[in-house]
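> Got a predicted structure here, sequence first:
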Amino acid sequence: MSDHLTDIPKDPRIRRTRRLLQNSLSTLLERKSFGDLSITDICKQADIARVTFYQHYDGKEALLLASVTEFFSGLHQTIDQEKIDAYLKAGSTAAPEPIQKMDLADPTRVRLIGVALQYVGADVRKMMLTSFLATYAQRETELGEKEIQVLATFYIGGMLTLMEQFLNGKLAISQAEFQIATLKLLRVLRQGAVESKILDDMPSL
């Protein structure tokens, strides 16, 4: 994943061009599959020259990733950290108060996220892992750095699989239930990692 995808350009002309391209992709995905889309299709829809496209993205996959970057990179940053810390460390299994903004009501956004998980899943996973470590892991005091990395990697992999199944309609739960389930799983994983010290008895490779 290119680092520039997570940067917010200061030049309004750059922001406008990227927004046009991202909107073009969203519009085209309403009637064509991502696999059938070409750079030419996207540029024609956006009324932008191909050379301009390549000044911003090195391919349609990079454009797709950029279109969902804000959602995935900000997913853990939107968490009310004090509330999640209290929830994760509590022994109660009761549902937490709303502590995270996860807007999956927009069908256009849902479509983009689903396509991104299918075509650029590895980059999405990397983005989510970076976001998770930047928010949750830095506040952790009971786990070592390697244990946090293991916990984060395992959790993000599972969460993205759940999200894919949820978006495909294979999990008959509401958005609120999905959020609660992922947070409860995080608490269980963290508690298990603390109690077992999962890396203590593992030989170095």
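On my side now, so go ahead. Numbering: from 1, shown residues only.
> so residue 109 sits right up against residue 71, yeah?
Yes - with contact defined as C-beta atoms under 8 Å, residue 109 reaches residue 71; the gap is 6.9 Å. C-beta: built from backbone N, CA, C; applies to glycine.
> buried set for stretch 165-182?
In terms of neighbour count (16 or more other C-beta atoms under 10 Å), stretch 165-182 has its buried residues at 166, 167, 178, 179, 180, 181, 182.
> got it, and stretch 53-62?
53, 56, 57, 60, 62.
> Confidence-wise, which helix or strand of the protein is lowest on average?
helix 81-89 (a mean of 65; mean pLDDT, DSSP states H and E).
> Show the secondary-structure elements that the helix or strand following that one is packed against.
Next in sequence after helix 81-89, counting helices and strands by DSSP states H and E, comes helix 107-119. Helix 107-119 is packed against helix 12-28, helix 60-73, helix 145-167, with contacts defined by 3 or more C-beta pairs under 8 Å, 6 or more residues apart in numbering; DSSP states H and E.
> So which of the ones you listed is the most surrounded?
Among the helices and strands packed on helix 107-119, helix 60-73 has the highest mean neighbour count (mean count of other C-beta atoms under 10 Å), at a mean of 20.
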